[in-house]
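Colleague: With the input below, show me the fold.
(2 chains)
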There are 2 protein chains.
Amino acid sequence: MKEMKNNPVCKLFGTELPIVCGGMAWCSGWRLAAAVSRAGALGVIGSGSMDAGLLREHIRRCREATDKPFGVNVPLQAPHVERIIDVVTEERVGAVITSAGNPALYTQRLHEAGCKVAHVVADSRSARKCAEAGVDAVIAEGFEAGGHNGRQETATLVLVPIVRRAIDLPLIAAGGIATGEGMLAALALGADGVQIGTRFVMTDESSAGDAFKRLCLTLGEGDTMLALKRLSPTRLVKNEFYRMMDEAEQRGATAGQLEQMIGRGRAKRGMFDGDIVMGELEIGQAVTLVRSIQPAGEVVGQIIGEFDRALERLCERTM
Amino acid sequence: MKEMKNNPVCKLFGTELPIVCGGMAWCSGWRLAAAVSRAGALGVIGSGSMDAGLLREHIRRCREATDKPFGVNVPLQAPHVERIIDVVTEERVGAVITSAGNPALYTQRLHEAGCKVAHVVADSRSARKCAEAGVDAVIAEGFEAGGHNGRQETATLVLVPIVRRAIDLPLIAAGGIATGEGMLAALALGADGVQIGTRFVMTDESSAGDAFKRLCLTLGEGDTMLALKRLSPTRLVKNEFYRMMDEAEQRGATAGQLEQMIGRGRAKRGMFDGDIVMGELEIGQAVTLVRSIQPAGEVVGQIIGEFDRALERLCERTM
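Modeller: Here you go, the predicted model:
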């Protein structure tokens, strides 16, 4: 891949590559973020599974581990979001990825602290709201993605071009992208860069539990499903916990009953502690394309290698 | 686009372009097939809404209208499939697209009649079965596609590379592709060509009812949904008929009850007769990318123009 200094995503975040690592709860600590950033992409700490104090520690450790730019993901529906925003502004984190909420809420405050802001959307209407809110980049995440997901179930192949038509901001495609071929497809659709989650869950530096990582190596097509549609649609591995929730939904359980069944700590139990039977396991459809656990820096290098070869093949065949 | 004579899909079907038009029940008669074939792609007659006599008439009319290659789509679960196979073999149709059934059933008979056979799959296991059955090409159709769909809900962005890894046959991507950018993305993922349905429903030559075509122009993200999961998953417009079926499924209706509610002629009523309220309307997620009704030949030309410009942009930005 040639120098991408003119790429809008690289320019925005100050990275060499237009690749953002998903800031995934229970998986994206400072080790993963630093490893991705050292490789030239944007590493992102996932604050979704941290309190403010722990987040501050991860930010400081990441800074010690690399002088490359990195970011923090902030789910805006978190009860302690104000404290999280305090930490990222006090620490003057270069890039903040906000999700699951209104982009108008904190963008100005983040800008005043010198943070660049990208917001995750699953439809073009929300993308337009991002532009109105002054967000710097939009991450369009499709149905394929692991974890929290949109209600409209628009897949990345359709979502990216429809968001591209809606806004002029730097556009990052997410959902279903785990390889250089997927990255090339995203750029063909009009994206400027990609956010990759699933492939980075399956790295040495990810803090996902070993049992979860090993399970991921065995997952094929159809082994994840968009679940919990009565609460907040979430792509999960179809384990016993998924089946218990699916049966309850089929039986007509209310949102309150479903929340009670999930209880507290279900995602930690699954993704961090490695209870692959009764824990909540969030991973994307692209898991079936990833068949090894590697160092994150090696993964970045492989994606770029795959991208270059795929582009060469495409040009040979068609130009 | 340069000459694509070395493209495996063009070589197989004898077309100038690696584009196949979906053979869509109630939409794909001889007029649409002939218009697409005249433009250099593969026009396909949809036998799913025809009896054997009507299919023969459409094949003969298509042949009168163009000397370019065209095909017939044959859903293998149709009760009169034997008669349909008789017609396509007797008429020695160049290309037969089989779907919704076992590719081993008729491939040999079709080959003996000189037909090339492509089979539609929604997972890599079925793709391997196609290779074992001696099929000539595989159409990998993702979750985004209109009408009948796979149970695993794998989106095209993930399905195409996983099928590409599974088989060496010519590979045609389908589902969510309506533009040249989408075609370029599919080729980036390793497909040799694309099948496009939704965009051709919305052409002058499509036999879809005018009210249905006009409705399609207004559909946005989230206006279609994968429905009828207890029978056979089918992507439908979310009209009153959809809502009636969805409520019945939520209430726990049995497959038999659901079938009774659909009754006979529901798809004709929607797509052909244009009852957009209580008819069954099959269309893909990509409908939101199509904002005009045009002649089919013009659509083919536009797709190629979009493809060429997108490829040029991609190469400028990345090489």
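
Colleague: Residue A:164 reaches residue A:189, doesn't it?
Modeller: Yes: assessed by CB atoms under 8 Å, residue A:164 is found in contact with residue A:189 at 7.0 Å. Glycine gets a C-beta too; all of them are placed from N, C-alpha and C.

Colleague: More neighbours: which of those two?
Modeller: More crowded of residue A:164 and residue A:189, by other CB atoms under 10 Å in any protein chain shown: residue A:189, with 27 against 21.

Colleague: who touches the nearest residue to the more buried one once chain neighbours are set aside in this structure?
Modeller: Excluding its sequence neighbours, the residue lying closest to residue A:189 (CB to CB, 6 or more residues apart in numbering or on different chains) is residue A:160, at 4.2 Å. By CB atoms under 8 Å, 6 or more residues apart in numbering or on different chains, residue A:160 lies in contact with A:140, A:142, A:171, A:173, A:186, A:189-191.

Colleague: Equivalent analysis for residue A:253, please.
Modeller: Residue A:253 neighbours (CB under 8 Å, 6+ apart): A:230, A:261.

Colleague: and it, what element?
Modeller: Using DSSP states H and E, residue A:253 is not contained in any helix or strand.

Colleague: Next, it: phi, psi?
Modeller: phi -60, psi 150 (degrees, to the nearest 10).

Colleague: returning to what we had before: can you give me the distance of the residue nearest to residue A:189 to residue A:167?
Modeller: Residue A:160 is 11 Å from residue A:167, where distance means CB to CB, to the nearest Å.

Colleague: quick one on the thing from earlier: what are the buried residues along the helix or strand harbouring the residue nearest to residue A:189?
Modeller: For residue A:160, the host element (DSSP H and E) is helix A:156-166. With burial defined by 16 or more other CB atoms under 10 Å in any protein chain shown, the residues of helix A:156-166 counted as buried are A:156-164, A:166.

Colleague: and it with helix B:156-166, angle?
Modeller: 140 degrees (axes from the mean of the first three to the mean of the last three CA atoms, to 10 degrees).

Colleague: Give me the mean pLDDT for helix A:156-166.
Modeller: The pLDDT scores in helix A:156-166 average 98.

Colleague: From the chain's centre, how far out is that helix? Work that out for me.
Modeller: 18 Å (CA atoms, centre = their mean, to the nearest Å).

Colleague: Check stretch A:86-101 too.
Modeller: Taking CA atoms, centre = their mean, the mean C-alpha location of stretch A:86-101 is offset from the chain mean by 15 Å.

Colleague: Likewise for stretch A:311-319?
Modeller: 30 Å.

Colleague: Same check on stretch A:66-77?
Modeller: Put simply, stretch A:66-77 sits 11 Å off its chain's centre (CA atoms, centre = their mean).

Colleague: Output the longest helix belonging to chain A.
Modeller: helix A:296-318 (DSSP state H).

Colleague: And it, what does it pack against?
Modeller: With contacts taken as 3 or more CB pairs under 8 Å, 6 or more residues apart in numbering or on different chains; DSSP states H and E, helix A:296-318 sits against strand A:19-21, helix A:30-38, helix A:180-188, helix A:198-201, helix B:180-188, helix B:296-318.

Colleague: Of all those, which one is nearest residue A:279?
Modeller: Minimum separation from residue A:279 across the helices and strands packed on helix A:296-318 (CB to CB) falls at helix A:198-201, 13.9 Å.

Colleague: and the closest one, does that touch chain B?
Modeller: No: Helix A:198-201 is not in contact with chain B by CB under 8 Å from any CB of the partner chain; minimum separation 10.0 Å.

Colleague: pLDDT averaged over that helix - what is it?
Modeller: If you average the pLDDT over helix A:198-201, you get 98.

Colleague: Check which residues of the helix or strand that comes right after that helix are buried.
Modeller: Scanning forward in sequence from helix A:198-201 by DSSP H and E, the next helix or strand is helix A:210-218. Going by neighbour count (16+ other CB under 10 Å), the buried part of helix A:210-218 is A:211-213, A:215-216.

Colleague: Switch these over to CSV; also include distance to residue B:55 and pLDDT.
Modeller: Formatted as CSV, these follow (distance: CB to CB, whole Å; pLDDT from 0 to 100):
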residue, distance to residue B:55, pLDDT
A:211, 55, 98
A:212, 52, 98
A:213, 52, 98
A:215, 48, 98
A:216, 47, 98
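
Colleague: Is there a neighbour count for residue A:14? I'd like the number.
Modeller: Residue A:14: 13 neighbours (other CB under 10 Å).

Colleague: same deal with the one 3 residues further on?
Modeller: Residue A:17 is surrounded by 23 other residues when neighbours are defined as other CB under 10 Å.

Colleague: Grab the nearest non-local neighbour of residue A:95.
Modeller: residue A:71 (3.2 Å).

Colleague: For that neighbour, pull up the helix or strand it's in.
Modeller: Going by DSSP H and E, residue A:71 is in strand A:70-75.

Colleague: what residues does that strand touch?
Modeller: Contacts for strand A:70-75 (CB under 8 Å, 6+ apart): A:13, A:20, A:22-25, A:28, A:33-34, A:36-37, A:42-48, A:55, A:59, A:62, A:81, A:84-85, A:88, A:93-101, A:106, A:118, A:148.

Colleague: hmm, try it at 6 Å
Modeller: Identification of contacts with strand A:70-75 by CB atoms under 6 Å, 6 or more residues apart in numbering or on different chains yields A:23, A:33, A:37, A:42-48, A:62, A:84, A:88, A:93, A:95-100.

Colleague: Just the angle for it relative to helix A:30-38, thanks.
Modeller: Using the same axes, to 10 degrees: strand A:70-75 against helix A:30-38 is 130 degrees.

Colleague: For the stretch 201-319 of chain A, what lies in contact range of chain B?
Modeller: With CB under 6 Å from any CB of the partner chain as the criterion, the stretch 201-319 of chain A comes near chain B at residues A:221-222, A:285-286, A:288-289, A:310, A:314.

Colleague: and of the contacts of residue A:160, the nearest to chain B?
Modeller: Of all the contacts of residue A:160, residue A:189 has the smallest distance to chain B: 5.1 Å, by CB to the nearest CB.

Colleague: Hmm, the closest one is touching residue B:185, no?
Modeller: Yes: between residue A:189 and residue B:185 there is a contact under CB atoms under 6 Å: 5.1 Å.
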